[in-house]
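Student: Attaching a predicted model along with its sequence, questions to come.
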Amino acid sequence: MCSYMYYIKSKAVLPDEEYDQMAKRLLKEWDTFEHPHKYLVTKEDLEAGTLYALKESDYPQIVMGGAYLMLDDYEKSVQNGQN
């Protein structure tokens, strides 16, 4: 969801530092977690810290919808001075 918003819609839903930490954690735990959309991400993507290569049509509808909800929450938290 973060990558969809950042790379496709040019909107941030997390500070860069949090995104980087999330990518590092996913890379570290790559072999131990399962997720229905794991096929969209490779270890190489996480090592590079980017999902820039994905096109909008690559993202599942549920990811895009969730990304907009995440954006709304993030923008509200910024307005309230929480980020």
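Tutor: Right, received. Where do you want to start?

Student: tell me the contacts of Ala67?
Tutor: Counting by C-beta atoms under 8 Å, 6 or more residues apart in numbering, Ala67 makes contact with 1-2, 4-5, 9, 13. From N, CA and C alone the C-beta is placed, and that goes for glycine too.

Student: Mind picking the one among those residues that's closest to Asp72?
Tutor: Checking the contacts of Ala67 against Asp72 by C-beta to C-beta gives Val13 as the nearest, at 9.2 Å.

Student: Helix or strand: which one has the closest one?
Tutor: Per DSSP states H and E: Val13 is located in neither a helix nor a strand.

Student: Now for it, how many residues are close by?
Tutor: 23 (other C-beta atoms under 10 Å).

Student: again with the one 4 residues further on
Tutor: Burial measure for Glu17: 8 neighbouring residues, criterion other C-beta under 10 Å.

Student: what does Met22 give?
Tutor: Counted by other C-beta under 10 Å, the residues lying close to Met22 total 14.

Student: next one: the one 3 residues further on
Tutor: The burial count assigned to Arg25 is 12, neighbours taken as other C-beta under 10 Å.

Student: Quick check: which element contains it?
Tutor: If you go by DSSP H and E, Arg25 is part of helix 16-28.

Student: Tell me the helices and strands packed up against that helix.
Tutor: helix 43-48 (3 or more C-beta pairs under 8 Å, 6 or more residues apart in numbering; DSSP states H and E).

Student: And the helix it packs on, what's buried?
Tutor: Buried positions in helix 43-48, judged by neighbour count with 16 or more other C-beta atoms under 10 Å: 45-46.

Student: For it, give the mean pLDDT please.
Tutor: For helix 43-48, mean pLDDT rounds to 86.

Student: mind checking the end-to-end distance for stretch 50-68?
Tutor: From its first residue to its last, stretch 50-68 covers 19 Å (C-alpha to C-alpha, to the nearest Å).

Student: Could you do stretch 38-50 as well?
Tutor: In stretch 38-50, first residue to last residue: 14 Å (C-alpha to C-alpha).

Student: Quick one: mean pLDDT over stretch 66-83.
Tutor: When pLDDT is averaged along stretch 66-83, the result is 88.

Student: Just the contacts of Ala67: which are in helices?
Tutor: Among the contacts of Ala67, the subset assigned to helices under DSSP state H consists of Cys2.
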